[in-house]
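Novice: Give me coordinates for this.
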Amino acid sequence: MLRKLRTLTVLVLVLLMATGSAMAKTTTLEFWTISLSPWFDDYINGTIANYEAENPGIKIDWKDIPIDAIQQKLLAAIAGGVSPDVVNLNTEFAFELAERNALVDLEKAATAEMKDIYFEGIWNSTAYKGGVYAFPWYVTTSVLFLNSDLIERAGLDANSPPDTWDGLIEWSRIIKANVPNIYGIHKGFGVNQEFPLNGIPLVDETRKKAAFNTPEAVKLLTEYRQLHVEKLTPPETLKEKYQGALNRYQAGALATIVTGPQFLNRIEQDAPDVYKATRVFPQPKSKAGIVPAAVMNMVVPAASKKTKEAVEFAHYFTNNENQLEFCKVAVILPSTKEAIKDPFFQSQLGTLEGESRYYGLQQLEHAVDLNLGLPNQADLNKAAEIMVESVAQGVQTPEEGLAWLEAEWNRILVR
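Specialist: Next comes the predicted model:
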């Protein structure tokens, strides 16, 4: 009897030790996304469940944070010593945190196999001082929509638009001459995009000094001023953003628009005749050979106490298979080279939405997120808008405008 009791005691101890060991090995990762719930709950919960099944020692605690609260909550969590382990961020905020040494450098923490799956330009969107601070997740790029009825009324071929902005501007001259009260283009001038797209750097390597006051920038601003002199783009362009352009396109008063495919549903609903006349093509090529893209990323805060596990999970969520699955439930593009080869994207051809995404895929090899996350970005943007409006209206020459903006940016960048 005594021997049986001893044996039972040993078995209980063994079971208790095993249970305690299993509990000790369980690692919980806190994972934050931005404004994706409840629309994508099934996809995210399913991906998490798959990961947990493949990694028995890992548990994922997912929290979806409103887009207007993510920055404040994340900074507060890091400062309070309760940082999440993996966070979904846009490129601009990722840059800001990288500059504060608040993110894990994935050039060091990720393996070559992890890094090689992404398009090079998109992977380097968060490159900073020799490091890279995010796994790219999903991407959006713009395409060219044109109203074939208006184009044909101008005597142009709606099936063969120009593939450069210079060509599209020439088209707008022809449209203006042949179709009264119609604009061919709605061309804004955002310094943060237009300069890099034309090979003009915004700041030097220190990120503390403006670098755009060049002869090339003078030429570019002179050309933009000419658009307003000839009234080839609406005068409201200086104040209107995408909303104004979209309204004008839906009203049948704008022949072309460069924007994202996510607006197609609205055009179809609000202006069905314009939707029927719409054709889609790749966006005009830039002189620098790059395409502007908006990238959502996965980052690992340096304050995470589980860096290895967090890096592995962030990569898993952004790998080929999981990005492809996300593309099947959302109108987005993947950032990985293999995902775009899937027959799913070919199956979408034949609709404007499918063609928009297909052309977006063709642009990914040249896509770059141009957000730099510079300090005091809002003030930099405001100064740039003042300069562009002043030059476009002839208040300043391009040379004067650039000199003024250079001085303003240098003042703002070092404060």
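Novice: Excluding chain neighbours, what is closest to Gly394?
Specialist: Using CB to CB, 6 or more residues apart in numbering and skipping residues adjacent in sequence, the residue nearest Gly394 is Arg225, 7.1 Å away. Any C-beta I mention is one placed from the backbone N, CA and C, and that applies to glycine too.
Novice: Count the neighbours of that neighbour for me.
Specialist: Residues lying near Arg225 (other CB atoms under 10 Å) number 20.
Novice: and what of Asn181?
Specialist: 6.
Novice: can you check Ala271 too?
Specialist: For Ala271, using other CB under 10 Å, the count is 19.
Novice: What separation is there between it and Phe263?
Specialist: 11 Å (CB to CB, to the nearest Å).
Novice: coming back round to it: spell out which helix or strand contains the residue nearest to Gly394, please.
Specialist: Taking DSSP states H and E as the criterion, Arg225 maps to helix 215-229.
Novice: Which positions in that helix come out as buried?
Specialist: Ala217, Val218, Leu220, Leu221, Tyr224, Arg225, Leu227, His228 (16 or more other CB atoms under 10 Å).
Novice: ok, the residue nearest to Gly394 - contacts?
Specialist: By CB atoms under 8 Å, 6 or more residues apart in numbering, the residues touching Arg225 are Val391, Ala392, Gly394, Pro398.
Novice: Next: Gln283.
Specialist: Here Gln283 is in contact with Thr141, Ser142, Val143, Leu144, Val258, Val291, Gln363 (criterion: CB under 8 Å, 6+ apart).
Novice: Please repeat the previous calculation with a cut-off of 10 Å.
Specialist: Gln283 makes contact with 141-145, 163, 165, 168, 258-259, 291-292, 359-360, 363 under the criterion CB atoms under 10 Å, 6 or more residues apart in numbering.
Novice: and if you look at Met298?
Specialist: Neighbours of Met298 in contact, by CB under 10 Å, 6+ apart: 31-33, 86-89, 94, 106, 134-137, 310-311, 313-318.
Novice: where along the stretch 51-200 of the chain do the strands fall?
Specialist: Assigned strands in the stretch 51-200 of the chain, in chain order: 58-65, 86-90, 127-128, 131-132, 135-141, 143-147 (criterion: DSSP state E, counting those that start in this stretch).
Novice: need the helix or strand of this protein with the lowest average pLDDT.
Specialist: Sorting the helices and strands of the chain by mean pLDDT, DSSP states H and E puts helix 2-25 at the bottom, at a mean of 47.
Novice: Straight-line length of stretch 63-77, end to end?
Specialist: 13 Å (CA to CA, to the nearest Å).
Novice: Name the residues that touch the next helix or strand after the helix holding Arg225?
Specialist: Next along the chain after helix 215-229, taking DSSP H and E as the criterion, comes helix 242-250. Helix 242-250 has contacts (CB under 10 Å, 6+ apart) with 142, 145-147, 150, 182-183, 185-188, 233-234, 236-237, 240, 253-260, 263, 266-267, 269-271, 273-275, 278.
Novice: Can you say which of those are buried?
Specialist: 142, 145-147, 150, 182-183, 185-188, 233-234, 237, 240, 253-260, 263, 267, 271, 274-275, 278.
Novice: Any stretches of this structure with poor pLDDT?
Specialist: 1-24, 240-242 (pLDDT under 70).
Novice: at 80 instead, please
Specialist: Where the chain drops to pLDDT under 80, the residues are 1-24, 239-243.
Novice: Looking at the record's assignment, how would you partition it?
Specialist: 2-139+294-368, 143-291+370-413 (automatic domain parsing).
Novice: Can you classify the residue most central in space within the chain by secondary structure?
Specialist: When CA atoms, centre = their mean is applied to the chain, the residue found nearest the centroid is Ala294 (1.4 Å). Under DSSP: H, G, I helix; E, B strand; the rest coil, Ala294 falls in the strand class.
Novice: Tell me the secondary structure at Lys287.
Specialist: Classified using three-state DSSP, Lys287 is coil.
Novice: In contact with the closest residue in space to it that isn't next to it in sequence, which residues are there?
Specialist: Leaving aside its sequence neighbours, Lys287 sits nearest to Asn198 (CB to CB, 6+ apart; 4.8 Å). By CB under 10 Å, 6+ apart, the residues touching Asn198 are Trp165, Glu216, Ala217, Lys219, Leu220, Glu223, Ser286, Lys287, Ala288.
Novice: In helices only, show me the buried ones among the contacts of helix 242-250.
Specialist: Leu150, Ile267, Val274, Tyr275 (DSSP state H).
Novice: Same list (these) but as a markdown table, adding distance to Ala98.
Specialist: Listed next are those as a markdown table, based on distance: CB to CB, whole Å:
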| residue | distance to Ala98 |
| --- | --- |
| Leu150 | 45 |
| Ile267 | 37 |
| Val274 | 42 |
| Tyr275 | 41 |
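Novice: So which of those is the closest to Ile44?
Specialist: Within those, proximity to Ile44 (CB to CB) peaks at Ile267, which comes in at 29.1 Å.
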